[in-house]
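**Q** could you look at this predicted model? Sequence included:
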Amino acid sequence: MKDIKIITEHWGKINPLKIEEYINFGGYGALEKFVLKMNPEKAIEEIQKSGLCGRGGAGFPTGDKLEMVAKNTSETKYFICNLEESEPGTYKDRLIVDNNPHILLEGIIISALSIGAKKAFIYINGNYEKQKEILEKALAQSREKKYWGENILGSAFRLEIEIYSGAGAYICGEETALINSVEGNRGEPKLRPPFPTEVGLFGSPTVVDNAETIANIPWIILNGGKKYSAIGSKNSPGTKIFLLNGAVEKPGTYEAPTGITVKKLIDEYAGGIKKGKEFWFAQIGGACGKLLLEKELKVKMEFGKECECPLGSGSILVVDKSVNIHDLLISWTDFFRRESCGKCVPCREGTFRLWEIAKRFRDGKISDRDKKAIEDILWTLDNTTFCPLGKFAGTAFRDAIAKNILTF
Ligand SMILES: Cc1cc2nc3c(=O)[nH]c(=O)nc-3n(C[C@H](O)[C@H](O)[C@H](O)COP(=O)(O)O)c2cc1C
Ligand code: SF4
């Protein structure tokens, strides 16, 4: 099972700028199967059977989301590929585009057609200029081959695809803020419900899926949902792209079955802790991720309510004892301070105050009032903010205190 590759299978073997090389490896075979031998209902049924759930962090069942919009009788529907990806330490979606943009396009086309959308957007991080160029080239090649546009592969299916470049704001990865951004509004989250599947882009039912989630779709259509569901964890099957960085021998990108433990990822994939370094903790899922001590590394990397540690984007930062925790604290808090969209007071003020305290902490100027304020701010971020970004902003700080990584 260690070697099962779904998304990274052709990385390094094909030239991402040449559609023929993807086609030679069976690329766009899933789209052909979808158009010629399946129908949207059957495709969604296979995706539901696969157990695929969202790789954007929340782990919502992908097939169910597609079905909700497919069943909606609205004339206009949209499909959006979320390629925002601003979380520090997270770049898996960028790597998908760098290495095999067509697997993503094939997944987008199948997903969009399965819900009855005539228009799909790729919402790309404004800093991903190179990736935008790659996608533009890939889109031109695939349109030429009639994989999208009018009469796809000679059928009655039609789809337009547009790349929409954001400004690189972390909050615009949140689906309602993303929709606001595409609509030309300020990138702020909207109140949910209604969810985008009911009232989404320009008021129409919309599916927003993460790029990695979408890249699984061609494999599922070709091989069947049952086969996919047998890979990895029972609760959230499939593979996941993990990004291992920090104090490991072989930092890098690894596709592994879900349900794998952090320990196994570090020891068997990333070559173990870097020689001469002493493990301190691992941060799971980017700057908003939880911290795990050595005794906790046996937690399984899976999605769902039962999971012990949210795996988020799947990035794992291994921190050794030579790292200055105060600098790390400033880097976490500074990120959220900058990225808070400012819509709600608890996050706008809370993230800023936390960053100020982190700086005083580093400079040895922390007061008793600060110590009390940390508790209040962390509670406020956790319980009163408008969207999850506020909650995320305090996770690592809270864990660092709870696990005695940070002591007063
Ligand atoms: C602050 C914040 C940032 C987010 N950033 C991203 C992102 O960059 N990419 C992404 O796919 N999902 C991101 N999400 C999750 C999206 O709101 C949404 O759940 C996801 O795109 C759905 O796709 P999935 O079901 O395939 O995971 C973010 C959520 C929050 C709260
Ligand atoms: S929690 Fe932060 S990011 Fe979310 S709406 Fe409030 S200010 Fe904006």
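**A** On my side now, so go ahead. Ligands and ions are numbered 1, 2, ... in the order given.
**Q** residues contacting the closest residue in space to E198 that isn't next to it in sequence?
**A** Distance criterion CB to CB, 6 or more residues apart in numbering; nearest residue to E198, sequence neighbours excluded, is P205 at 6.2 Å. To be clear about C-beta, it is placed using only N, CA and C from the backbone, and glycine gets the same treatment. Taking CB atoms under 8 Å, 6 or more residues apart in numbering, we find P205 in contact with M68, V69, N72, S74, K77, Y78, I115, P196, T197, E198, V199.
**Q** and the residue sitting nearest the centre point of the chain, how far is that from ligand 1?
**A** The residue lying closest to the centre of the chain (CA atoms, centre = their mean) is G56, at 2.8 Å. Per CB to the nearest ligand atom, to the nearest Å, G56 is found 3 Å from ligand 1.
**Q** could you do K274 as well?
**A** Counting by CB to the nearest ligand atom, the separation of K274 from ligand 1 is 29 Å.
**Q** burial count for that residue?
**A** For K274, the count of nearby residues is 17 (other CB atoms under 10 Å).
**Q** what's the nearest residue to it if we skip its chain neighbours?
**A** The shortest distance from K274 to any non-neighbouring residue, by CB to CB, 6+ apart, is to A247 (4.5 Å).
**Q** show me what the strand ranked longest in the chain is in contact with.
**A** Ordering each strand of the chain by length in residues (DSSP state E) puts strand 239-246 first. The contact list for strand 239-246 (CB under 8 Å, 6+ apart) reads 4-8, 55, 89-92, 95-96, 212, 216, 231-232, 250-258, 265-266, 269-270, 282, 301, 311, 313-320.
**Q** same check on stretch 226-236?
**A** 1, 4, 6, 49-53, 59, 216, 219-220, 237-240, 257-260, 300, 302-304, 306-307.
**Q** what of stretch 129-149?
**A** 16-19, 28, 31, 83, 94, 97-98, 101-102, 104-106, 109, 122, 124, 152-154, 158-161, 163, 165.
**Q** can you select the buried ones from these in ChimeraX?
**A** Selecting only the buried entries of these in ChimeraX, with 16 or more other CB atoms under 10 Å as the criterion:
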select :16,19,28,31,83,94,97,101,102,104,105,106,109,122,124,152,159,161,165
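**Q** need the strands for the stretch 301-408 of the chain, in chain order.
**A** Assigned by DSSP state E, counting those that start in this stretch, the stretch 301-408 of the chain shows strands spanning 315-320.
**Q** and the chain, by the same measure?
**A** 78-83, 119-124, 160-165, 206-210, 239-246, 252-257, 279-284, 290-292, 315-320.
**Q** make CSV out of those strands and add distance to I401 and mean pLDDT.
**A** Output for these, formatted as CSV (distance: least, CB to CB, whole Å; pLDDT from 0 to 100):
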stretch, distance to I401, mean pLDDT
strand 78-83, 32, 98
strand 119-124, 36, 98
strand 160-165, 39, 98
strand 206-210, 31, 98
strand 239-246, 21, 97
strand 252-257, 31, 97
strand 279-284, 13, 97
strand 290-292, 10, 96
strand 315-320, 16, 97
